[in-house]
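Peer 1: got a sequence here, can you build the structure:
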Amino acid sequence: MIFKVLGNSVALNNATNVGSSTLVRIVNTDTAEQTVTVANTVSKLSGGGDAGTFVLEGQKEAFLSKKSTDTVVSVAAVKASPVARA
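Peer 2: Sure thing, here's the model as predicted:
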């Protein structure tokens, strides 16, 4: 996927909305798989997204589409960057 960077990468050891981005590139820099949790800080009725978890394999990346108010959290070895489709 070709993407445009919208801000700096952050470690996901603290919950963050990743600059209120709706598209996030997530990279697991560890060799072990890590769980990534998405939580909504706003109810779905008020425009929040879906909450849930997924496992990201070691040394892999994923692109996450989320609502701007949704937060993402994992461990410090997992980094997230706000991006947009180019």
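Peer 1: now the strands for this protein?
Peer 2: Ranges of strands within the chain are 3-5, 10-11, 23-28, 34-39, 52-56, 61-65, 71-73, 78-85, based on DSSP state E.
Peer 1: what's in contact with the first one?
Peer 2: Counting contacts by Cβ atoms under 8 Å, 6 or more residues apart in numbering, the residues outside strand 3-5 that touch it are 23, 25, 63, 81-86. Heads up, the C-betas are built off the backbone N, CA and C, glycines and all.
Peer 1: just checking: what are the partner strands of it?
Peer 2: Looking at strand 3-5 with DSSP bridges, its partner strands are strand 78-85 (antiparallel).
Peer 1: tell me how far Thr41 lies from Arg85.
Peer 2: 24 Å (Cβ to Cβ, to the nearest Å).
Peer 1: including mean pLDDT and distance to Asn17, could the strands of the chain go into JSON lines?
Peer 2: JSON lines is the format used below for the strands of the chain (pLDDT from 0 to 100; distance: least, Cβ to Cβ, whole Å):
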{"stretch": "strand 3-5", "mean pLDDT": "97", "distance to Asn17": "17"}
{"stretch": "strand 10-11", "mean pLDDT": "98", "distance to Asn17": "10"}
{"stretch": "strand 23-28", "mean pLDDT": "98", "distance to Asn17": "9"}
{"stretch": "strand 34-39", "mean pLDDT": "97", "distance to Asn17": "10"}
{"stretch": "strand 52-56", "mean pLDDT": "96", "distance to Asn17": "16"}
{"stretch": "strand 61-65", "mean pLDDT": "97", "distance to Asn17": "12"}
{"stretch": "strand 71-73", "mean pLDDT": "97", "distance to Asn17": "5"}
{"stretch": "strand 78-85", "mean pLDDT": "97", "distance to Asn17": "9"}
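Peer 1: what's the most buried one of those?
Peer 2: Stretch with highest mean neighbour count among the strands of the chain: strand 23-28 (a mean of 21; mean count of other Cβ atoms under 10 Å).
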